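**Q** Below is the structure, and that's it, no one-letter string:
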């Protein structure tokens, strides 16, 4: 019998983990990644929550698994088309080359919310309003500075930017932002113990083992201050600091604060590739994400036979959930190909 071939689109954590499991079971895997390196957004993360594991080390662990005779890795290759012809799936690359497989796994991930769409928060307008992605970049080099290159003594983190927000069309929760804000605040305080860290929130969703514990530790050990309420407006002062207008909804009082940096915790949206390929195959779900066949028991399958989904191309997930989902997808694909013998 011919050896079964599987095509995986997306070389982030989900794509890498699924490729490894399938290769171990002697399936031929072709993994497409549009960037020069695999890893996706994981490449930008210094510390992982909730245990502060090394993000770079974990990505190396994933990428090392791809050094396998059953895996063909195609980086800097963008997938432009996905369709089924007879019994085979056809993937078209940006070089106008066709690749054929017996099954396809969509692992095209997410894209961070574009914070310029929240004009009242000043991203792209004021120098010292940045996103959580920008802040992670500074953590990568172990140095937190404002636009002028000075050490910030007071930082505010604002949750739910682009999430739980009907005005931008995203009423859903992005799942990872709350605990990520806690992590970033702790990292900031570890670098600058005498600095002040404030976190504005609607409610803190610490839904995982060690999450609530880290939230408490951030207050008791590191002195992070949490304020329930949204920031309604951010504006620059004469000395390029950021003045915030908000409401403390617990106290029921208006609040005005000046900080050196405002960090916007941007949520997850469907990536362009996710929406495009899902639309081509009539599996586009809510908000442009790819729709699985069903949340309970069929979450890696789609309504298209032989087309599977894994990770954040379906909806926002944490890294731990993404890795587990990739393993589940690999099992579903193997079951499908075995039943097809």
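**A** Thanks, I have it. Just so we're clear, the structure is a prediction, and the values are computed from it rather than from any experiment.
**Q** ok so residue 190 is a strand residue?
**A** No. Going by DSSP: H, G, I helix; E, B strand; the rest coil, the assignment for residue 190 is helix, not a strand.
**Q** tell me, how many neighbours does it end up with?
**A** Using other C-beta atoms under 10 Å, the number of residues around residue 190 comes to 12. Placement of C-beta: from N, CA and C, glycine included.
**Q** Grab the nearest non-local neighbour of it.
**A** residue 222 (7.5 Å; C-beta to C-beta, 6 or more residues apart in numbering).
**Q** where's that neighbour relative to residue 159, distance?
**A** 17 Å (C-beta to C-beta, to the nearest Å).
**Q** what about these two, which has more around it?
**A** Higher neighbour count among residue 222 and residue 159: residue 159, with 27 against 16, using other C-beta under 10 Å.
**Q** what's in contact with the host helix or strand of the more buried one?
**A** Using DSSP states H and E, the element containing residue 159 is strand 154-161. Residues from elsewhere that reach strand 154-161 (C-beta atoms under 8 Å, 6 or more residues apart in numbering): 113, 115, 118, 121, 131-132, 144, 173-174, 177-178, 181, 184-185, 188, 195-202, 230-231, 242, 244, 257-267.
**Q** ok, now with 7 Å
**A** Strand 154-161 is touched from outside by 113, 115, 118, 121, 177-178, 181, 184-185, 188, 195-202, 231, 244, 257, 259-267, with contacts defined as C-beta atoms under 7 Å, 6 or more residues apart in numbering.
**Q** For that strand, the averaged confidence score.
**A** Average pLDDT, strand 154-161: 98.
**Q** likewise stretch 257-275?
**A** 98.
**Q** sec struct for residue 137, please.
**A** helix.
**Q** mind listing the helices for the chain?
**A** 13-24, 55-64, 132-140, 177-191, 211-220, 272-280, 319-339 (DSSP state H).
**Q** Quick check: buried residues in the third one?
**A** With burial defined by 16 or more other C-beta atoms under 10 Å, the residues of helix 132-140 counted as buried are 132-136, 138-139.
**Q** helices and strands around that helix, which ones?
**A** helix 177-191, strand 261-266 (3 or more C-beta pairs under 7 Å, 6 or more residues apart in numbering; DSSP states H and E).
**Q** From the contact counts, what lies against the last one?
**A** The reference is to strand 261-266. By 3+ C-beta pairs under 7 Å, 6+ apart, strand 261-266 packs against strand 129-131, helix 132-140, strand 154-161, helix 177-191.
**Q** Quick check: which of those is nearest to residue 323?
**A** When the helices and strands packed on strand 261-266 are compared by C-beta to C-beta, helix 177-191 sits nearest residue 323, at 16.1 Å.
**Q** pLDDT of that closest one, averaged?
**A** For helix 177-191, mean pLDDT rounds to 97.
**Q** i'd like the first residue to be 5 from this point on
**A** Fine by me, first position is 5 from now on; the one you just mentioned is helix 181-195.
**Q** which helices and strands sit right next to it?
**A** helix 136-144, strand 158-165, strand 200-205, helix 215-224, strand 265-270.
**Q** Apply 10 Å and report the result again.
**A** strand 51-52, helix 136-144, strand 158-165, strand 200-205, helix 215-224, strand 229-232, strand 265-270 (3 or more C-beta pairs under 10 Å, 6 or more residues apart in numbering; DSSP states H and E).
**Q** Next, the angle from that helix to strand 265-270.
**A** Per axes from the mean of the first three to the mean of the last three C-alpha atoms, to 10 degrees, the angle that helix 181-195 makes with strand 265-270 is 150 degrees.
**Q** Run through the residues that contact residue 167.
**A** Residues near residue 167 by C-beta atoms under 10 Å, 6 or more residues apart in numbering: 117, 174-182, 206, 269-273, 320.
**Q** picking up where we left off before, out of the buried residues of helix 136-144, which is nearest to residue 103?
**A** residue 137 (31.5 Å).
**Q** got a pLDDT number for residue 99?
**A** Reported pLDDT for residue 99: 82.
**Q** With residue 344 instead?
**A** Value for residue 344, per-residue pLDDT: 63.
**Q** And for residue 112?
**A** 98.
**Q** tally of neighbours for it?
**A** 33.
**Q** next one: the one 4 residues further on
**A** Other residues within reach of residue 116, judged by other C-beta under 10 Å, total 20.
**Q** mind listing what it touches?
**A** Applying C-beta under 10 Å, 6+ apart, one finds that residue 116 lies in contact with 45, 48, 135-137, 165-166, 178, 268-273, 275.
**Q** Out of the residues you listed, which end up buried?
**A** Buried by 16+ other C-beta under 10 Å: 45, 48, 135-137, 165-166, 178, 268-273, 275, out of the contacts of residue 116.
**Q** Nothing else from me, thank you.
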